[in-house]
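J.: no sequence for this one, just the structure:
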């Protein structure tokens, strides 16, 4: 099964196109264990079991490597974050084998280094797809595309990001073509996708004008979209769906990412973790699943 097929199957099985971001911040999680790594794994093990019981699932999972690697202290032989991520990935493989796992690490370097980073994502961590920065060009991107093809995996290339500073470079107009840099990136992504099925794009929910321009360009191609920015960054799942509908885009290969607004939504509104935190999280996932209806 290739990556596009896995996206479609998971959307059908879960009736969801929400991607659940896994970005653990230990101080926001309930005190299920004193040791940080075990606290994180206990939190997600408990939450995953609750999701299964409630039959409320996302259409993808996206662990962000930076939230785990920052907990490691390799020079002291301490790998708290890496162990936690490994255990969570094992849980995902066991509990949700049909749901894609996207490793968010936004790699991109010269050819040999990119090849090593690609092995990190697909071989070392064993994920279905990875996020990559394309801004160093073809020789930086192709090692990821080739490695993904060996694993029937996917590669999401940064197209128009959700952060406020994304416009600093991505919206610059190139004089000769009159196109913005993110549109030039779209041309390259479309070209790579012709050779490597499973090539996708990261396009933020916080930039709806740009999102519409990109989805209209991709509307006739099977280019999966990863759309971050919903939740704490201020993007709206309903507005994203409306934009996709206007572009006549196939939502089954889209994943709208929501991270902290599902896994620790109390962080901005409460001083303490609520006692019913499991219900809190599952209800938030259910809410976003309803907002991001698949069939538009």
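T.: Thanks, I have it. Being a predicted model, the structure only gives us computed values, none of them experimental.
J.: now do the buried residues in stretch 68-77.
T.: Neighbour counts over stretch 68-77 (16 or more other Cβ atoms under 10 Å) mark 68, 71-72 as buried. All C-beta spots, glycine's among them, are computed from the backbone N, C-alpha and C.
J.: what's the mean pLDDT across that stretch?
T.: Mean pLDDT, computed over stretch 68-77, is 98.
J.: tell me where the stretch 1-150 of the chain has helices.
T.: 3-14, 36-54, 65-69, 80-95, 111-119, 138-150 (DSSP state H, counting those that start in this stretch).
J.: which one of these lies nearest to residue 270?
T.: With Cβ to Cβ as the measure, helix 36-54 is the member of those nearest residue 270 (16.3 Å).
J.: which SS state does residue 248 fall under?
T.: Classification of residue 248 using DSSP: H, G, I helix; E, B strand; the rest coil returns coil.
J.: quick one: residues contacting it.
T.: Counting by Cβ atoms under 8 Å, 6 or more residues apart in numbering, residue 248 makes contact with residue 219.
J.: pLDDT score assigned to it?
T.: pLDDT, residue 248: 91.
J.: residue 200: which element?
T.: strand 199-203 (DSSP states H and E).
J.: low pLDDT regions in the stretch 151-296 of the chain?
T.: For the stretch 151-296 of the chain, the stretches with pLDDT under 70 are 232, 294-296.
J.: please enumerate the strands of it.
T.: With DSSP state E, counting those that start in this stretch, the ranges of strands along the stretch 151-296 of the chain come out as 154-160, 199-203, 225-227, 254-258.
J.: nearest to residue 27, of the buried residues of stretch 68-77?
T.: For the buried residues of stretch 68-77, the nearest to residue 27 is residue 71 (12.1 Å; Cβ to Cβ).
J.: I'd say residue 264 and residue 27 touch.
T.: No. With contact defined as Cβ atoms under 8 Å, residue 264 does not reach residue 27; the gap is 9.5 Å.
J.: more neighbours: which of the two?
T.: Counted by other Cβ atoms under 10 Å, residue 264 and residue 27 do not tie: residue 264 has more neighbours, with 24 against 10.
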